[in-house]
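Participant: All I have is the shape, not the residue letters:
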């Protein structure tokens, strides 16, 4: 797929959301012409950045993942496979834009949490659980039993974790599985499964679902260990990622000020990945010069795209989303009708956001191909759209009503999702838990989270405990929606695959 096609795909995904925000910002929730201008420019940069980034993923990250997975499996050395997978998963997660955005927003509202510490904890969780997921694939462990064991441990730890880490912990599970990490995880799983042969290809599904549990558990454990040593600051900022006014000269100055900071972040995130790819080339792959050159070009696309994306997000999308959330939240507090409107708006944005997530396109393509076209991409997209719409609507209700995330939403929701695994075809179980991770990507971690944080500030809540958690709900509801789809699906072909 070329850059023009990626650009067209990204425009169709992002522009509808931008139009809704502009309409709201000019009417019932005025956010000011300057901030709207920032939002529009940020949106353009985000579109360009995602287009370059996704093209780079197709040219570089996905092929390397498949080649490495196949090469490691051919070595018949399980220890080597697991060690390399853990290290690679760690480095890919560090380079994941969604994780960077989540860490920025968390530290903006709770500066006592060190950004790099949070990034390293999340990346460690992903790396370790990619290794665990591949071990399951190689040894043929029951996916359902492994899920039940892992989520039992997660919820046991969750009940002993401070509130300021609980929401962001479950959010981390969704944020890690974004446009950088998902193609690599899927490609690695397909590479390993292809060498195994037989039903191994079907077993390539489910790796993303396992990988997304790792950062949740890692952050929750980090919170337990940090209890008593960190505390939320007494005064929460009303706008995350503030830009010092003294250095801003109009709207262009906002973005110019961010360029050096973002450039350093991207260099820090991607340089270990470059070293790893070179190490793979020297030890495992031995690709011809032209193939290596193509991968290098893809990496350059990744670098350019990630810079544009983060500048657009920090300079436009997050501040505008936060301010819009504050305006809508203030109206909802004084008017029951506006509260209903905010919930409905959340559902509409949720339905649109999931279609805008690049990782969803990667997964649905893979599902349609591996099922031989029996599971249609449109059916999956529609199901996910409905599920995420419900998730964002519930998030707005939770923030406005102050409902407990763990006891009211996550515990019963994951309980139902795990119960469905006993009745749903195995293939759909794996697809569902993969979908839960990939449904949360750039649009959710940037705009939807910023919007929810703004609503929490305006309604007098604590953003750290009340607003963080929206990503976790967007991750959870698809687990239920896709498994219900599996129960309704009557295709003999899929039933046969699921029984394999």
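Facilitator: Cool, got the structure. Remember, it's a predicted structure, so these values are computed and weren't measured experimentally. Numbers count the residues shown, from 1 in each chain.
Participant: Now do the contacts for residue 450.
Facilitator: Residues near residue 450 by CB atoms under 8 Å, 6 or more residues apart in numbering: 105, 240, 317, 318, 319, 320, 321, 322, 325. C-betas here are computed from N, CA, C, even on glycine.
Participant: Return the subset of the residues you listed lying in helices.
Facilitator: 105, 318, 319, 320, 321, 322, 325 (DSSP state H).
Participant: circling back to that earlier point, now for the contacts of residue 450, which pair is the farthest apart?
Facilitator: Pairwise distances across those (CB to CB) peak at 13.8 Å, for the pair 105 and 320.
Participant: Give me the more crowded residue out of those two.
Facilitator: Set residue 105 next to residue 320 and count neighbours by other CB atoms under 10 Å: residue 320 wins out with 29 against 26.
Participant: Can you give me every residue that contacts the more buried one?
Facilitator: By CB under 8 Å, 6+ apart, residue 320 lies in contact with 21, 25, 31, 35, 36, 38, 39, 42, 450.
Participant: Can you check the pLDDT for residue 42?
Facilitator: Note for residue 42: predicted pLDDT of 92.
Participant: cool, and residue 387?
Facilitator: pLDDT, residue 387: 90.
Participant: Can you get me a residue count around it?
Facilitator: 26.
Participant: Pretty sure it sits against residue 480.
Facilitator: Yes: in this structure residue 387 lies within contact range of residue 480 using CB atoms under 8 Å: 7.1 Å.
Participant: can you give me the strands for the stretch 201-350 of the chain?
Facilitator: Counting by DSSP state E, counting those that start in this stretch, the stretch 201-350 of the chain forms no strands at all.
Participant: Could you list the low-pLDDT ranges of it?
Facilitator: The model of the stretch 201-350 of the chain has pLDDT under 70 over residues 201-204, 227-250.
Participant: that older thread, of the contacts of residue 450, just the buried ones, PyMOL syntax please.
Facilitator: Per 16 or more other CB atoms under 10 Å, the buried members of the contacts of residue 450 correspond to this PyMOL selection:
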select buried, resi 105+240+317+318+319+320+321+322+325
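Participant: and which of the contacts of residue 450 is nearest residue 79?
Facilitator: Using CB to CB, the contacts of residue 450 come closest to residue 79 at residue 105, 37.9 Å.
Participant: rewinding a little: turn the contacts of residue 450 into a markdown table, including distance to residue 87.
Facilitator: What follows is those, written out as a markdown table (distance: CB to CB, whole Å):
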| residue | distance to residue 87 |
| --- | --- |
| 105 | 27 |
| 240 | 32 |
| 317 | 32 |
| 318 | 31 |
| 319 | 36 |
| 320 | 38 |
| 321 | 35 |
| 322 | 36 |
| 325 | 38 |
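Participant: Name the nearest residue to residue 417, ignoring sequence neighbours.
Facilitator: Here the nearest residue to residue 417 in space, its sequence neighbours aside, is residue 479; by CB to CB, 6 or more residues apart in numbering that works out to 3.9 Å.
Participant: So for stretch 448-456, mean pLDDT?
Facilitator: 88.
Participant: buried residues in it?
Facilitator: Residues 448, 449, 450, 451, 452, 453, 454, 455, 456 are the ones in stretch 448-456 that count as buried (16+ other CB under 10 Å).
Participant: again with stretch 294-304
Facilitator: Result for stretch 294-304 [16+ other CB under 10 Å]: buried residues 295, 298, 299, 301, 302, 303, 304.
Participant: Quickly name whichever of those residues is closest to residue 439.
Facilitator: When those are ranked by distance to residue 439 (CB to CB), residue 302 comes first, at 22.4 Å.
Participant: my read: the closest one touches residue 51, true?
Facilitator: No: with contact defined as CB under 8 Å, residue 302 does not reach residue 51; the gap is 11.7 Å.
Participant: Next up, phi/psi of residue 125, please.
Facilitator: The phi/psi pair for residue 125 (degrees, to the nearest 10) reads phi -60, psi -40.
Participant: Identify the residue spatially nearest to it, adjacent ones excluded.
Facilitator: Sequence neighbours aside, residue 218 is the residue nearest to residue 125 in space, at 3.0 Å (criterion: CB to CB, 6+ apart).
Participant: Where is the longest helix in this protein?
Facilitator: Criterion DSSP H: the longest helix present in the chain is helix 250-280.
Participant: packing partners for that one?
Facilitator: Packing contacts for helix 250-280, counted by 3 or more CB pairs under 8 Å, 6 or more residues apart in numbering; DSSP states H and E, involve helix 33-56, helix 62-74, helix 78-94, helix 289-312.
Participant: repeat that with 6 Å
Facilitator: helix 33-56, helix 78-94, helix 289-312 (3 or more CB pairs under 6 Å, 6 or more residues apart in numbering; DSSP states H and E).
Participant: could you give the angle of it to helix 62-74?
Facilitator: Per axes from the mean of the first three to the mean of the last three CA atoms, to 10 degrees, the angle that helix 250-280 makes with helix 62-74 is 30 degrees.
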